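1. sequence below, structure please.
(chains A, B, C and D)
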Protein chains: 2
Amino acid sequence: MQEANDIETSETLTARQGEVLDAVFDLLMKGGDAVTMTAVARRASCSKETLYKWFGDRDGLLTASVRWQASKVRAGSYDRHHLDANSLRESLQGFWGNWLRVISGPKSIALNRVAVSHAWSGKSNLGSIVLENGRFAIGERLKPLLEDGRAAGLLDFDDTETAFRTFFGLVSRDIQIRLLLGDRLEITEAEIAQDAARATQQFFALYGARDRASFEDRPASFPPQPSETHPRGAPEDEDGKHKPPSS
Amino acid sequence: MQEANDIETSETLTARQGEVLDAVFDLLMKGGDAVTMTAVARRASCSKETLYKWFGDRDGLLTASVRWQASKVRAGSYDRHHLDANSLRESLQGFWGNWLRVISGPKSIALNRVAVSHAWSGKSNLGSIVLENGRFAIGERLKPLLEDGRAAGLLDFDDTETAFRTFFGLVSRDIQIRLLLGDRLEITEAEIAQDAARATQQFFALYGARDRASFEDRPASFPPQPSETHPRGAPEDEDGKHKPPSS
DNA sequence: CAAGAACCGTACCGTACGTTACGGTTCGGC
DNA sequence: GCCGAACCGTAACGTACGGTACGGTTCTTG
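-> Alright, predicted model coming up:
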């Protein structure tokens, strides 16, 4: 392994290398045992020698692939145009809806699965890569929005991190662990939208500015719009599926 | 493999078999690659032949061990004595505190890790076992308490499952995924208690019965006790640690 | 067009681990 | 005290896979 890792140092990947890494990820989604060097080479129509020259060893290949996919997965960021209550609420809903869509997708599930498996198994930490591009990335992207909301008098919290983590919990609840553990849990687009709306609503119920003073000089229809979902935090039915995986 | 699986059918495990399964789990916590048949045999001071006779194959051994540990992990249940606001709040706090303590422990982390890794890798589903003894078990244990709370006029929600999942999210937030992904994230006993209290408080803010009518014939000091934590859902600082794993 | 680099395909090597086989030992029942 | 069952320890087998070597082919460059 003399000068193997082009990747670690220079972040540039050729198109061909990208194809290879996509092949790796395809294999990953077909179950982790499937990703052998031979299989990757065959699937990507390249030689094992090339794999080793490019990525050093199997672990480097996996790491590069995870990094590659993780960097592609990050949901779009939200520009902070002028903030009123509705635009804030819509931004938040959109943000989390996007996120729900991403993490419930097969790519994200595979990504997290392999990262978890690997973090457990010693060697180079895919866990931190996924964490950095997932949980922490959305934190850094959402927190400015929350703080803008606070500055605009729409939100009220002391610690941004705490508020964010609560929001995170309201949105994700048990779905990530369930998906990772193999629970068949298909989420329709409608459910995603509804979940994002419910979570946002609950977030406003917890952290929305509601001092009488600042409340009354806001437009009449503040976030919890009775027309959209339940005014209180309990939508009627939703998705109470107790449906463990293929028994 | 003629009549191997004593375990699948008769749920009884001899003490010796329990020792073996504990040995497996010890190995599991030392990184998943460590759990080879030879290592298990050596650690448990038994022969490989016995392992195969008892558990069929490596997968059966893993499955038995996960089932064994999962059944030992379940936090204690809570009896429904007479319910007033304070006892309910304390029960909930205690329940979730227990749960936080469990899932942040190394055993639970190892358990979830191996289950995730395995669920990803085809074969017999450890995921459902962990799910059944973890997420779903606490659901079944907590929901009666919530419904008693509602019957006593202390809580207000339509769908128990939805309320429970929200509560789950408020408590767990991002800690489970972070722990699984290898984030060093030590949680002190104090933080656990505080988190459970904060989550409970937020849950009451979202689902506590607060119609004017039933509110006024309740004792003066309803759950959000200003003396305990912040009356609103935002504790001052808490644990905003952005501390990714060993980079 | 020629020389060299990059790469493909395949064959090969070493090893680690799952699985099986077998001789020796302990132990409960008659 | 004898017999068989259960079990221990270890040795052996087969295989799958990570990693390497090498000849042939395509692409780049001057």
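2. pull the helix or strand hosting A:Thr162 out as PDB, backbone CA atoms only.
-> Assigned by DSSP states H and E, A:Thr162 falls within helix A:160-172. C-alpha atoms of helix A:160-172 as PDB (Å, rounded to 0.1, in the frame of the first residue of the first chain):
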ATOM      1  CA  THR A 160     -30.700  26.200  20.300                       C
ATOM      2  CA  GLU A 161     -29.200  22.700  20.500                       C
ATOM      3  CA  THR A 162     -31.800  21.600  23.000                       C
ATOM      4  CA  ALA A 163     -34.600  23.000  20.900                       C
ATOM      5  CA  PHE A 164     -33.200  21.300  17.800                       C
ATOM      6  CA  ARG A 165     -32.900  18.000  19.500                       C
ATOM      7  CA  THR A 166     -36.400  18.100  20.700                       C
ATOM      8  CA  PHE A 167     -37.600  18.900  17.200                       C
ATOM      9  CA  PHE A 168     -35.500  16.000  15.900                       C
ATOM     10  CA  GLY A 169     -37.200  13.700  18.400                       C
ATOM     11  CA  LEU A 170     -40.700  15.000  17.500                       C
ATOM     12  CA  VAL A 171     -40.100  14.200  13.900                       C
ATOM     13  CA  SER A 172     -38.100  11.000  14.000                       C
END
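3. around A:Leu83, count how many other residues there are.
-> 16 (other CB atoms under 10 Å in any protein chain shown). Any C-beta I mention is one placed from the backbone N, CA and C, and that applies to glycine too.
4. name the residues of chain A found near DNA strand C, please.
-> Residues of chain A lying close to DNA strand C (CB under 7 Å from any atom of the strand) are A:Arg16, A:Ala41, A:Ser45, A:Cys46, A:Ser47, A:Lys48, A:Glu49, A:Thr50, A:Lys53, A:Trp54.
5. quick one: average confidence on the host helix or strand of the second one?
-> Of the helices and strands defined by DSSP H and E, A:Ala41 is found in helix A:37-44. When pLDDT is averaged along helix A:37-44, the result is 92.
6. with stretch A:91-101 instead?
-> Here the average pLDDT along stretch A:91-101 is 94.
7. contact partners of it?
-> The contact list for stretch A:91-101 (CB atoms under 8 Å, 6 or more residues apart in numbering or on different chains) reads A:75-76, A:78, A:138, A:141-142, A:145, A:167, A:171-172, A:175, A:187, A:189, A:192-193, A:195-197, A:199-200, A:203.
8. which of those residues are buried? Put it as a PyMOL command.
-> Selection of buried members from the contacts of stretch A:91-101 for PyMOL, criterion 16 or more other CB atoms under 10 Å in any protein chain shown:
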select buried, chain A and resi 75+78+138+141+142+145+167+171+172+175+187+192+193+195+196+197+199+200+203
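9. low-confidence ranges, chain A, go.
-> A:1-11, A:75-81, A:122, A:210-247 (pLDDT under 70).
10. quick check: A:Ala44 touching A:Gln17?
-> No - applying CB atoms under 8 Å as the test, A:Ala44 and A:Gln17 come out as separate, 9.6 Å apart.
11. how is chain A divided into domains?
-> Split into domains by automatic domain parsing, chain A comes to A:6-72, A:74-216.
12. sorry, back to before: hmm, the helix holding A:Ala41 in reach of DNA strand D?
-> Yes - Helix A:37-44 lies within reach of DNA strand D by CB under 7 Å from any atom of the strand, at A:Met37, A:Thr38.
13. for that helix, packing partners?
-> In terms of contact count using 3 or more CB pairs under 8 Å, 6 or more residues apart in numbering or on different chains; DSSP states H and E, helix A:37-44 is assigned the packing partners helix A:15-29, helix A:48-55, helix A:58-73.
14. for the last one, packing partners?
-> Judged by 3+ CB pairs under 8 Å, 6+ apart, helix A:58-73 is in contact with helix A:6-9, helix A:15-29, helix A:37-44, helix A:48-55, helix A:106-120, helix A:126-133.
15. quick one: which of those helices is nearest A:Thr160?
-> helix A:126-133 (18.6 Å; CB to CB).
16. what's the offset of the helix or strand following that closest one from the middle of its chain?
-> Sequence order places helix A:135-151 as the next helix or strand after helix A:126-133, per DSSP H and E. Chain-centre distance of helix A:135-151: 14 Å, with CA atoms, centre = their mean, to the nearest Å.
17. can helix A:135-151 be found next to chain B?
-> Yes - in terms of CB under 8 Å from any CB of the partner chain, part of helix A:135-151 sits within range of chain B, namely A:Arg135, A:Phe136, A:Gly139.
18. burial of the second one, as a residue count?
-> If I follow you right, that is A:Phe136. 18.
19. distance of it relative to B:His118?
-> Counting by CB to CB, to the nearest Å, the gap from A:Phe136 to B:His118 is 27 Å.
20. what of the last one?
-> With distances defined as CB to CB, the gap from A:Gly139 to B:His118 amounts to 30 Å.
21. tally of neighbours for the closest residue to A:Leu181 other than its chain neighbours?
-> For A:Leu181, ignoring the flanking residues on the chain, the nearest one in space by CB to CB, 6 or more residues apart in numbering or on different chains is B:Gly127 at 3.8 Å. Counted with other CB under 10 Å, the neighbours of B:Gly127 add up to 27.
22. in this structure B:Gly127 contacts B:Ala115, no?
-> Yes - in this structure, B:Gly127 is within contact of B:Ala115 by CB under 8 Å, at 5.1 Å.
23. any common contacting residues for the two?
-> A:Leu181.
24. OK, contacts around the residue nearest to A:Ala152 when sequence neighbours are not counted?
-> Spatial nearest neighbour of A:Ala152, excluding adjacent residues (CB to CB, 6+ apart): A:Leu83 at 4.6 Å. Contact analysis of A:Leu83 by CB under 8 Å, 6+ apart lists A:Asp148, A:Gly149, A:Ala152, A:Leu154.
25. quick check: the farthest pair among those residues?
-> Longest span within these, CB to CB: A:Asp148 and A:Leu154, 8.7 Å.
26. which neighbours do these two have in common?
-> A:Leu83, A:Leu88.
27. look at those two and report which has more neighbours.
-> Each of A:Asp148 and A:Leu154 has its neighbours counted (other CB under 10 Å); A:Leu154 has more, 23 against 16.
28. quick one, which of the domains of chain A is packed in tightest?
-> Highest mean neighbour count among these (mean count of other CB atoms under 10 Å in any protein chain shown): domain A:74-216, with a mean of 19.
29. close to DNA strand D, is that one?
-> No - judged by CB under 7 Å from any atom of the strand, domain A:74-216 and DNA strand D are separated, with a smallest distance of 10.4 Å.
30. what about whatever helix or strand comes next after the helix holding A:Thr162 and chain B, any contact?
-> As assigned by DSSP H and E, the chain's next helix or strand after helix A:160-172 is helix A:175-180. Yes - shown here: helix A:175-180 in contact with chain B (CB under 8 Å from any CB) through A:Gln176, A:Ile177, A:Arg178, A:Leu180.
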